[in-house]
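[1] please find the sequence and the predicted model below.
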Amino acid sequence: MNVRNRAERLPCSRIGFTLVELVFTILIVFMLMGLLIVGLRAASGFARRTADTQTLTSLKTGISLFKGDFGFIPPLAKDTDPAGPITDLDPRTDRRSVRIYRVSNRIDLEVLRGNVTLTGRETRRYSVYSLPYYIMGALDREVDGIDGTGMYEPARDGSFALGGRRYEPMIRADEGAGGLNWIDRDAGLVVLRDRTGTEIRYYRWEPEEDVENSEDLNVPEVFGIAADDVELRSARYGIVIAGANGMFGDEPVEVIQQKLGLTLDPTAASHAIKAARTDNVMGVGK
């Protein structure tokens, strides 16, 4: 038998994939893609929380500096006042002031304790204006006496000194505080937003006079149960940066449904609220 005939009888080398091998290869590719997507999402979430944590740290540092200079923490602006958070021009001083909740005012104090709902408007214990007003000096000359950032000494009643020492911002927008967003500069509506464009909330609250148990601390529920957190029991303010979904976890159910684009039964709504709170980046202080 010659070589040629023997070669003709040998089996030919198989070229290409069988159908089973092709399907198996595609499945492996999809699995790897899925793992990659999950990894990227996890990395993105970690980067977001890291950035938000840095922002939170900057804001808390600003509040500490403010308290060190003036002896009190930034007051809570009346964001929902029908007339706006800034008063009309006072002809005696040619200045405006910030409408705030005052501990010395009985009704304001009860609002800070979460005991009062004012007729005809929302009452809430957070502000999106207080931090840019007080630790970033983002008010106009007619309010804090200084054009642009900076201010004269603030008072506990929402007014600012007519002169004297000029205070620079406790922190600036480029130091991890998200950025200033001028909604309406003439009205003094200046807010801080996080990287997703959601407003950063500054909460203030007051306990009852004779605190004997955790229920009297009146801590907003978005922060959890004071009895379970030693730091929270002594806190008087908090900052909350919402998670990626832009929800804080203390919105009305209708608002949560609108943001999710879903109609939720009570159980599902409870889970959505819990998930939103878990995703928040929060810090408290006194």
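    Looks like it came in fine. Owing to the predicted nature of the structure, the values given are computational and were not obtained by experimental measurement. Numbering: from 1, shown residues only.
[2] state which helix of the chain is the longest.
    Identified as the longest helix of the chain according to DSSP state H is helix 19-70.
[3] so where's this structure uncertain?
    Counting by pLDDT under 70, the low-confidence segments of the chain come to 1-17, 38-45, 118-122, 174-178, 185-186, 210-215, 227.
[4] wait, isn't Tyr129 in contact with Leu189?
    Yes. Proximity of Tyr129 to Leu189 meets the contact threshold set by Cβ atoms under 8 Å, at 6.9 Å. Just so you know, the C-beta spots here come from the backbone N, C-alpha and C atoms, and that holds for glycine as well.
[5] could I get the full set of helices for the chain?
    In the chain, the helices defined using DSSP H lie at 3-9, 19-70, 106-112, 130-134, 141-144, 230-233, 253-260, 266-279.
[6] which residues are in contact with the fourth one?
    Counting by Cβ atoms under 8 Å, 6 or more residues apart in numbering, helix 130-134 makes contact with 59, 62-63, 66, 74-77, 98, 138-139, 144, 151, 154, 177, 180, 188, 190-192, 200, 202, 204, 239, all of which sit outside it.
[7] ok, now which ones touch Tyr203?
    76, 125-126, 220, 222-223, 237-240.
[8] go with 6 Å
    By Cβ atoms under 6 Å, 6 or more residues apart in numbering, the residues touching Tyr203 are 125-126, 220, 238.
[9] gap between it and Arg141?
    29 Å (Cβ to Cβ, to the nearest Å).
[10] now do Pro91
    16 Å.
[11] find the nearest non-adjacent residue to Ala269, please.
    Using Cβ to Cβ, 6 or more residues apart in numbering and skipping residues adjacent in sequence, the residue nearest Ala269 is Val253, 4.8 Å away.
[12] what is the burial count for that neighbour?
    For Val253, the count of nearby residues is 15 (other Cβ atoms under 10 Å).
[13] about what we covered before: need the contacts of Tyr203 in JSON lines with neighbour count and distance to Asn105, can you?
    What follows is the contacts of Tyr203, written out as JSON lines (neighbours: other Cβ atoms under 10 Å; distance: Cβ to Cβ, whole Å):
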{"residue": "Arg125", "neighbour count": "23", "distance to Asn105": "15"}
{"residue": "Tyr126", "neighbour count": "23", "distance to Asn105": "18"}
{"residue": "Pro220", "neighbour count": "18", "distance to Asn105": "20"}
{"residue": "Gly238", "neighbour count": "22", "distance to Asn105": "22"}
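[14] nearest to Thr55, of those residues?
    Gly238 (14.3 Å; Cβ to Cβ).
[15] got a list of what that closest one touches?
    203, 223, 284.
[16] with distance to Met31 added, can I get those residues in CSV?
    Shown next, in CSV, are the contacts of Gly238 (distance: Cβ to Cβ, whole Å):
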residue, distance to Met31
Tyr203, 44
Phe223, 41
Val284, 43
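[17] please report how far Asp184 lies from Gly84.
    Distance from Asp184 to Gly84, by Cβ to Cβ: 9 Å.
[18] so for those two, which sits in the more crowded spot?
    Gly84 (17 against 9).
[19] between Tyr129 and Leu189, which is the more surrounded one?
    Between Tyr129 and Leu189, counted using other Cβ under 10 Å, Tyr129 has the larger neighbour count: 27 against 17.
[20] pull the contacting residues for that one.
    By Cβ under 6 Å, 6+ apart, Tyr129 lies in contact with 77, 79, 85.
[21] could you rerun that using 8 Å?
    Here Tyr129 is in contact with 77, 79, 85, 98, 188-191 (criterion: Cβ under 8 Å, 6+ apart).
[22] now it. Nearest residue, chain neighbours left out?
    Nearest non-adjacent residue to Tyr129, counting by Cβ to Cβ, 6+ apart: Ala77, 4.4 Å away.
[23] so the one you found bridges to which residues?
    Ile100 (DSSP bridges).
[24] contact partners for it?
    Shown in contact with Ala77 (Cβ under 8 Å, 6+ apart): 85, 98-100, 127, 129-130, 133, 158.
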